[in-house]
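Participant: just coords:
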Ligand SMILES: Cc1cc2nc3c(=O)[nH]c(=O)nc-3n(C[C@H](O)[C@H](O)[C@H](O)COP(=O)(O)OP(=O)(O)OC[C@H]3O[C@@H](n4cnc5c(N)ncnc54)[C@H](O)[C@@H]3O)c2cc1C
């Protein structure tokens, strides 16, 4: 169902009759909705544009058994906490986000993809006195070209998240015919055939490998073990420990502290530790560990130690890449990722250590070489 709600915010027509609004938020995920909540409280006029047909679709489209590993309290947005006692399923999270937007009547326009963001040279009628110098948009503000027409705005918030373009290595094409899919396309074990190789041993890889073997498929899990949270998150102990851990993440391990910067560097390099699935779970279930897949020989994936594997199915849990190619402003670096000048709203951009989830590690600079050379499987939404 496409819910393109054309909210009537106090927009005005610019000189050439293009709709103008003070602020456009691009992306209606957690970040975009939370920013919308705060702007609404401040009495600001804005619209949220989101490419998905429904708010929450990013979560709806994740695999069937996915349950968040963050407590409801930490998965909630400001002003209206989730009313759940246990970890939300992916659908519960999606429905919560949709209900949140409705609860606050946030001016969301769903099914609207921003295709280009640039400066506008056409003067509009809105006051621009409060536009910060940083990224000052010129006389006409910003030009936001979308799949449903154009807008002008004085301020634009890019809240498009870090999970835009799934990535697999280039050599995936050389693997002999069989099933290959990225974790973003994985839904359940009915998609798997025979022996399964899961590439990428982060949280996504570990969870999918466990599900694979439990559904009867001999399963390899390739990649370096990123470490693990030293307690079970469903236990009473976790309820006591998690608030302390969260406090440390939010107040101590921030980008403002040397320790926080060090931990961030390590997390980006080695991936975040396994949260729900433990190494012992994988071993007990019989998941076989393999080294990182370094290439292909005779149509077979080969590990860094030269071991050839013979899977019928490969599930790439090798991460995502940000895509800012549609932003025609000097805000990205040579690789097309955000430069320090961009105040991106997403995880890793704020002052705290990023909550890179599910070991989908393509955002890690250390992997950027490998994965930058990889090919993308296209958009998921
Ligand atoms: C498999 C998986 C499991 C995860 N589990 C957890 C968890 O348990 N707990 C946790 O805290 N985090 C988890 N995360 C991370 C979490 O999903 C992100 O941190 C969070 O969603 C980021 O929110 P966001 O609003 O920045 O981006 P997103 O939620 O990705 O939202 C971005 C929005 O922007 C829209 N968009 C993108 N491009 C455009 C465009 N050009 N025009 C218009 N709209 C656009 C998209 O439609 C989307 O709705 C998980 C991630 C993955 C991949």
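Facilitator: That came through, no problem. As the structure is a computational prediction, the values presented were derived from the model and not from experiment.
Participant: where does this protein have its least confident helix or strand?
Facilitator: The weakest-scoring helix or strand in the chain, judged by mean pLDDT, DSSP states H and E, is helix 365-372 (a mean of 23).
Participant: residue 184 in helix, strand or coil?
Facilitator: Assigned state for residue 184: helix (three-state reduction, DSSP: H, G, I helix; E, B strand; the rest coil).
Participant: ok, the spatially most central residue of the chain to the ligand distance?
Facilitator: Nearest to the mean C-alpha position of the chain, by Cα atoms, centre = their mean, lies residue 163 at 3.2 Å. To the ligand, residue 163 is 5 Å away according to Cβ to the nearest ligand atom, to the nearest Å. Yep, even glycine has a C-beta here, placed from its N, CA and C like the rest.
Participant: same check, this time on residue 32
Facilitator: Taking Cβ to the nearest ligand atom, one finds residue 32 at 6 Å from the ligand.
Participant: give me the low-pLDDT residue ranges for the protein?
Facilitator: 1-16, 122-140, 333-381 (pLDDT under 70).
Participant: now with 80?
Facilitator: Applying pLDDT under 80 to the chain flags residues 1-17, 121-140, 264-271, 332-381.
Participant: which strand runs longest in it?
Facilitator: Ranked by number of residues, the top strand in the chain under DSSP state E is strand 149-158.
Participant: does it reach the ligand?
Facilitator: No - interface with the ligand: strand 149-158 contributes nothing (Cβ under 6 Å from any ligand atom), its closest point being 8.6 Å away.
Participant: if we can go back for a sec, what about the closest residue to the residue nearest to the centre of the chain other than its chain neighbours, how many residues nearby?
Facilitator: Once flanking residues are discounted, residue 163 sits nearest to residue 320: 4.4 Å by Cβ to Cβ, 6 or more residues apart in numbering. Using other Cβ atoms under 10 Å, the number of residues around residue 320 comes to 23.
Participant: quick check: the gap between residue 320 and residue 183.
Facilitator: 9 Å (Cβ to Cβ, to the nearest Å).
Participant: how close does the nearest residue to residue 154 once chain neighbours are set aside sit to residue 102?
Facilitator: Of all residues not flanking residue 154 in the chain, residue 141 sits nearest, at 4.6 Å (Cβ to Cβ, 6+ apart). Look at residue 141 and residue 102: by Cβ to Cβ, they are 29 Å apart.
Participant: do the same with residue 296
Facilitator: 48 Å.
Participant: and the stretch 1-150 of the chain, which of its residues are near the ligand?
Facilitator: Counting by Cβ under 6 Å from any ligand atom, the stretch 1-150 of the chain sits next to the ligand at 26-32, 49-52, 58, 62, 68-70, 75, 113-114.
Participant: let's go with 8 Å and repeat that
Facilitator: 26-34, 49-52, 55-59, 62-63, 66-70, 74-75, 87, 90, 93, 112-115, 146 (Cβ under 8 Å from any ligand atom).
Participant: now restrict the residues you listed to buried residues only.
Facilitator: Using 16 or more other Cβ atoms under 10 Å as the burial test, those include 26-34, 49-52, 55-59, 62-63, 66, 68-70, 75, 87, 90, 93, 112-114, 146 as buried.
Participant: so of those residues, which ones are in helices?
Facilitator: Of these, the ones assigned to helices by DSSP state H are 30, 31, 32, 33, 34, 57, 58, 59, 75, 90, 93.
Participant: spatially nearest residue to the third one, not counting backbone neighbours?
Facilitator: Sequence neighbours aside, residue 159 is the residue nearest to residue 32 in space, at 3.7 Å (criterion: Cβ to Cβ, 6+ apart).
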